[in-house]
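Student: need a structure here:
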Amino acid sequence: MGCVSTAAHVGGSQVLGIIPTALAEGNFVGKTVGEELRVPTMQDRISKMLDSSDAFIALPGGIGRGRKFHSTFSTTDLYFCFNC
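Tutor: Residues are numbered from 1 along each chain as shown. Next up is the predicted model:
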């Protein structure tokens, strides 16, 4: 995700990194380009991502990445259903 966000930022796109506070304070993430927003929980992160994004891309990763993709996809699908 770091390479993608850096390339987007260098190309002139707006980049927003949404990071749970525990991960940001525990040095689990690298340097953030663009704007950084810290939220209390992973669920808050997904919620804020849905509110702030125009599109999503899923890149290869571990089990956590699959969970986030499924959660985001399911929540987005429900969001559209409730707003029909």
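
Student: Count the residues that sit near residue 9.
Tutor: Neighbourhood size, residue 9 [other Cβ atoms under 10 Å]: 15. Every C-beta, even on glycine, is put in place using the N, C-alpha and C of the backbone.

Student: For it, which residues are in contact?
Tutor: By Cβ atoms under 8 Å, 6 or more residues apart in numbering, residue 9 lies in contact with 15, 33, 34.

Student: Looking at the residues you listed, spot the one nearest residue 57.
Tutor: residue 15 (13.3 Å; Cβ to Cβ).

Student: right, and that closest one touches residue 33 too?
Tutor: Yes. Applying Cβ atoms under 8 Å, one finds residue 15 in contact with residue 33, separated by 5.5 Å.

Student: Now do the shared contacts for these two.
Tutor: Residues within reach of residue 15 and of residue 33 at once, by Cβ under 8 Å, 6+ apart, are 5, 9.

Student: quick one: which of the contacts of residue 9 has the most company?
Tutor: The most crowded member of these, judged by other Cβ under 10 Å, is residue 15 (17 neighbours).

Student: so what's the closest residue to that one other than its chain neighbours up against?
Tutor: With sequence-adjacent residues excluded and distances taken as Cβ to Cβ, 6 or more residues apart in numbering, residue 15 is closest to residue 34, at 3.0 Å. Taking Cβ under 8 Å, 6+ apart as the criterion, residue 34 is in contact with 5, 9, 14, 15, 16, 17.

Student: Then residue 38?
Tutor: Neighbour list for residue 38: 19, 20, 21, 24 [criterion: Cβ under 8 Å, 6+ apart].

Student: hmm, try it at 10 Å
Tutor: By Cβ atoms under 10 Å, 6 or more residues apart in numbering, the residues touching residue 38 are 17, 18, 19, 20, 21, 22, 23, 24, 25, 44, 45.
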